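Q: take this sequence and fold it.
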Amino acid sequence: MQPELPYVELEAAADEIGGLWQQLAGRRVMVTGGTGFIGKWLVGTFLVANRKFELDARIDIITRSSARLSDFRDESLSFVTGDVRSFQSSQAPDFIIHAATPVHNSTEDGIELLDLLGSGTANTLRHAEKPGFQRSLLLSSGAVYGPQPAGLAGFPETWRGEIDWLAHGAAYAQGKRQTEAMSLLHARRHGYPLRCARGFAFTGPGQPLDPRFAISSLFADALHGRSAQLRCGGLRRSYLYAADLAVWLWTYLLLPHAPEFLNVGSDQAVTLDQLAVLVAEICGAPPPAAAEDMRQGSDYIPDISTARALGLRVSTPLDQSIFKTWSHHGRR
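A: Next up is the predicted model:
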């Protein structure tokens, strides 16, 4: 199994999903974005469940480079090499998980970003048109809600929000809205269930130490023995642990009946300055410097009432999530 991910947690996640795995017995699953942080957890839990529950299922990973999953070796896994916008697969899937998503970066070319999201979704949807296709899971984003208003504890799935088309970096949110609309229209035209997971913030083993994101930037500072330098420390965030995330996403896909849209994340909010102190304490890093008193951006917290009604829960508290992630970074 991929050493980047802890086998014991993959197995625990697979066990928690339990009997729902039987819906995949003898089936084929296609996953775009299977080499990313979230994708690896989805693939890893699938491989564990496939062996443990003797599902005789197969999984096809769409990727530009199979080397990024070089440590996954399993006869049930196949790679389809190509760009998500143009790949072709000769094997018709029964389930699709469309997780190919460029990391949000306000400095990226907005035109290229919109093309990647739109054309990639259109090409992936073409593989959902075979007779008997079962179900599709789209990994969308809480960014579709736009800025979180002051006083709103968390976005409900019914929140319509507002995105400024002309704002710097708005292409990502608009592109995600477009993928939701395309996927929903396609599912209704062809008569199969769509599950649209609006993801918020996550952490766990395998997460890149990307300085553009608060928690991974804090881990990077700790690894280098630096004191974190924060901006906008009063903004609130929440983090769902990767093993919990895998349970949520597979459960949401495999439940016979579920809503078309679901917030996926934790509602256990902390301010960024509180997060910095917690990471420093757990990782043994220098205390963070005082945050600049700036208010660029907004809070980013989901309302997860719908998820709780489906039996989903935040099993791993934030301090444990940080400890587990940090421990794994330290072993690599």
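
Q: which SS class is residue 60?
A: strand (DSSP: H, G, I helix; E, B strand; the rest coil).

Q: should've said residue 229
A: Using three-state DSSP, the structure places residue 229 in coil.

Q: same question for residue 140.
A: Here residue 140 is recorded as strand under three-state DSSP.

Q: that one reaches residue 200, doesn't it?
A: No: contact criterion CB atoms under 8 Å: residue 140 and residue 200 do not qualify, at 10.8 Å. All C-beta spots, glycine's among them, are computed from the backbone N, C-alpha and C.

Q: check contacts around the spatially closest residue to residue 25 that is not a sequence neighbour.
A: Spatial nearest neighbour of residue 25, excluding adjacent residues (CB to CB, 6 or more residues apart in numbering): residue 55 at 4.9 Å. Residue 55 makes contact with 21-22, 24-27, 49 under the criterion CB atoms under 8 Å, 6 or more residues apart in numbering.

Q: and the pLDDT for the residue lying closest to residue 65 once chain neighbours are set aside?
A: Leaving aside its chain neighbours, residue 65 sits nearest to residue 35 (7.1 Å; criterion: CB to CB, 6+ apart). In this model, residue 35 is scored at 88, pLDDT.

Q: that older thread, can you lay out the contacts of residue 55 as a markdown table showing distance to residue 322?
A: Formatted as a markdown table, the contacts of residue 55 follow (distance: CB to CB, whole Å):
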| residue | distance to residue 322 |
| --- | --- |
| 21 | 30 |
| 22 | 35 |
| 24 | 32 |
| 25 | 37 |
| 26 | 40 |
| 27 | 36 |
| 49 | 27 |
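
Q: do a quick rundown of the strands in the stretch 51-200 of the chain.
A: 58-63, 77-81, 95-98, 135-141, 194-199 (DSSP state E, counting those that start in this stretch).

Q: reformat those strands as CSV; add distance to residue 275.
A: Converted to CSV, these look like this (distance: least, CB to CB, whole Å):
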stretch, distance to residue 275
strand 58-63, 32
strand 77-81, 36
strand 95-98, 29
strand 135-141, 20
strand 194-199, 18
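
Q: out of the ones you listed, which one sits most buried?
A: strand 95-98 (a mean of 26; mean count of other CB atoms under 10 Å).

Q: and the average pLDDT for it is what?
A: 98.

Q: helices or strands up against it?
A: strand 28-32, helix 110-125, strand 135-141, helix 242-254 (3 or more CB pairs under 8 Å, 6 or more residues apart in numbering; DSSP states H and E).

Q: may I see the buried residues of stretch 244-262?
A: Across stretch 244-262, burial judged by 16 or more other CB atoms under 10 Å covers 244-255, 258, 261-262.

Q: do stretch 4-17 as well
A: Residues of stretch 4-17 classed as buried: 5-6, 9-14, 16-17 (neighbour count, 16+ other CB under 10 Å).

Q: which two of those have the greatest separation?
A: Pairwise distances across the buried residues of stretch 4-17 (CB to CB) peak at 16.9 Å, for the pair 6 and 17.

Q: compute the first-to-last residue distance for stretch 259-271.
A: Its start and end residues considered, stretch 259-271 measures 30 Å (CA to CA, to the nearest Å).

Q: repeat for stretch 151-170
A: Stretch 151-170 stretches 23 Å from its first residue to its last (CA to CA).

Q: list the contacts of that stretch.
A: 104-107, 110, 142, 144-148, 173-174, 177, 198, 259, 261-263, 267, 269, 299, 301-306.

Q: burial of residue 131, as a residue count?
A: 6 (other CB atoms under 10 Å).

Q: low-confidence stretches in the stretch 51-200 of the chain?
A: Counting by pLDDT under 70, the ranges of the stretch 51-200 of the chain that qualify are 66-72, 103-108.

Q: in stretch 155-169, what's buried?
A: Here stretch 155-169 shows 155, 157, 159, 163 as buried, counting by 16+ other CB under 10 Å.

Q: the stretch 151-300 of the chain: helices as residue ranges?
A: Secondary structure of the stretch 151-300 of the chain (DSSP state H, counting those that start in this stretch): helices located at 171-190, 214-223, 242-254, 272-283.
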